[in-house]
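A.B. asks: with the sequence up front, the predicted model follows.
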Amino acid sequence: MTACLNCGAAQKRPDAAWFNEIKRIYDGYQIYKLSGGSEQVIFDASGSATPRSRALVDFVVTEAKPASSGALIDIGCGNGAALVNFSRALPSWSMHGSELSDAPLDTLRALPNFGGFYKDEPRNLKGRFDIVTMIHALEHMPDPLHTLIDSAALLNPGGRLFVDIPNVETSIFDLVIADHMMHFSSAHLGYLAQRAGLKAEVLRDDILPKEITMLAGKGSGTAPLPDAKRGLALVRRHVAWLRRVLDDAHEAMENASSFGIFGTSISGMWLYGAMREQVAFFVDEDRTRIGNMFDGKPIVAPQDAPVGSTIFLPLNPDSAVNVHKRLQSRIDARLVQPCVMDRAA
């Protein structure tokens, strides 16, 4: 992990070791494997779940106010989940996808308004589009500035670029995702967009939890250089907290009759990697994951957790508090929250 001394932005070092690691990851990668390919859902404070892309599509349609027809491309389209929802919301638009594998091709070809698929990077694409989207894609790019420049070049006059990425200020576990090269705050994304010749019309961190959403067009922005001291302090605080979480989890496990981890996404998998032999099961609220197995360990609903077991919540502090309040009285197991942030500051 490194950080820029001029702006405080955190990133992995895109050297040969990093490229080798992400190649190893992608060679065996299956998107949303534990949920059978179903898209990741976003939980609100009450526990209600909504597919991530559905909420983002609603936002784009409301804010961009697209014309009755046009062309849209989703760069880094994954398995095509976002394009399926865009296709429903904009049935008279031509839908295009770009990805470095053929994984989404069958899904995209089934769309009634499928326009094309490109197995290439933005700089090599020849088409022009009225909306260009990147949903959890920019953070993977080895050169995010030039990715924004290349993506902006694909816009028709008056076109919009839509970006949604993890927010490093509130998504602490983003730092442990090996293939996330850049870790953005709103200030860093706005500043990078300005350098790419884009003007952010919308730059918010409240559309989805722990994510930053930007809608931009070509133009001159006025985003200032982010505060380097603030960025560096944030990275140090987050790294220290993550170390403390590992200590807390091992402490909670010591006297547990059976030890489980809450969640099977990034934070849960990160903790599991450090505690494999001690973990007996996973708990998840995503119905598409419940009943499956990971590495020989069952994934169960909260109410089906072993009686008297201990379940550790590897979640951001605020999320852990909400889950604990909502579930503790409903299950016959002990829920353990990680330390609060100021213990590691």
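C.D. replies: Good, I have the coordinates.
A.B. asks: wait, Leu5 touches Ala228, no?
C.D. replies: Yes: look at Leu5 against Ala228 with Cβ atoms under 8 Å: they come within range, at 6.0 Å. All C-beta atoms are positioned from the backbone trio N, CA, C, and that covers glycine.
A.B. asks: among these two, which residue is more densely surrounded?
C.D. replies: Ala228 (15 against 11; other Cβ atoms under 10 Å).
A.B. asks: separation between the closest residue to that one other than its chain neighbours and Leu90?
C.D. replies: Nearest residue to Ala228, sequence neighbours excluded (Cβ to Cβ, 6 or more residues apart in numbering): Gly8, at 4.1 Å. According to Cβ to Cβ, to the nearest Å, Gly8 stands 38 Å off from Leu90.
A.B. asks: about what we covered before: pretty sure the residue nearest to Ala228 contacts Lys229?
C.D. replies: Yes: counting by Cβ under 8 Å, Gly8 does reach Lys229; the two are 6.8 Å apart.
A.B. asks: okay, those two: which has more neighbours?
C.D. replies: Gly8 (21 against 10).
A.B. asks: quick check: which element contains that one?
C.D. replies: Following DSSP states H and E, there is no helix or strand that holds Gly8.
A.B. asks: might you report the residue contacts of it?
C.D. replies: Taking Cβ atoms under 8 Å, 6 or more residues apart in numbering, we find Gly8 in contact with 188, 226-235.
A.B. asks: same question for Asp174.
C.D. replies: By Cβ under 8 Å, 6+ apart, the contact set of Asp174 is 139, 166-168, 180, 183, 266.
A.B. asks: start and end of stretch 66-77, how far apart?
C.D. replies: End-to-end distance of stretch 66-77 (Cα to Cα, to the nearest Å): 20 Å.
A.B. asks: ugh, wrong one, stretch 283-293
C.D. replies: Terminal residues of stretch 283-293 are spaced 11 Å apart (Cα to Cα).
A.B. asks: before we move on, back to that, in helices only, show me the contacts of Asp174.
C.D. replies: Among the contacts of Asp174, DSSP state H puts Ile266 in helices.
A.B. asks: as JSON lines, the contacts of Asp174 with neighbour count, pLDDT and distance to Phe312 would be great.
C.D. replies: Listed next are those as JSON lines, based on neighbours: other Cβ atoms under 10 Å; pLDDT from 0 to 100; distance: Cβ to Cβ, whole Å:
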{"residue": "Glu139", "neighbour count": "23", "pLDDT": "97", "distance to Phe312": "26"}
{"residue": "Pro166", "neighbour count": "24", "pLDDT": "96", "distance to Phe312": "22"}
{"residue": "Asn167", "neighbour count": "20", "pLDDT": "96", "distance to Phe312": "24"}
{"residue": "Val168", "neighbour count": "25", "pLDDT": "95", "distance to Phe312": "23"}
{"residue": "His180", "neighbour count": "24", "pLDDT": "95", "distance to Phe312": "23"}
{"residue": "His183", "neighbour count": "26", "pLDDT": "97", "distance to Phe312": "24"}
{"residue": "Ile266", "neighbour count": "17", "pLDDT": "92", "distance to Phe312": "15"}
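A.B. asks: looking at the protein, which helix or strand is least sure?
C.D. replies: The weakest-scoring helix or strand in the chain, judged by mean pLDDT, DSSP states H and E, is strand 41-43 (a mean of 59).
A.B. asks: on that earlier part again, so of the contacts of Asp174, which ones are in strands?
C.D. replies: 166, 183 (DSSP state E).
A.B. asks: give me the below-cutoff pLDDT ranges for the stretch 1-150 of the chain.
C.D. replies: 28-50 (pLDDT under 70).
A.B. asks: how about the helices in it?
C.D. replies: 16-27, 52-64, 81-89, 105-109, 144-152 (DSSP state H, counting those that start in this stretch).
A.B. asks: again, but for the stretch 201-345 of the chain
C.D. replies: Under DSSP H, counting those that start in this stretch, the stretch 201-345 of the chain gives helices at 228-254, 266-275, 317-327.
A.B. asks: quick one: residues contacting Cys7.
C.D. replies: Residues near Cys7 by Cβ under 8 Å, 6+ apart: 188, 191, 225-228, 231.
A.B. asks: report the buried members of those residues.
C.D. replies: Those of the contacts of Cys7 that meet the buried threshold are 188, 191, 226, 231, by 16 or more other Cβ atoms under 10 Å.
A.B. asks: which two among the residues you listed are spaced furthest apart?
C.D. replies: Tyr191 and Gly231 (11.0 Å; Cβ to Cβ).
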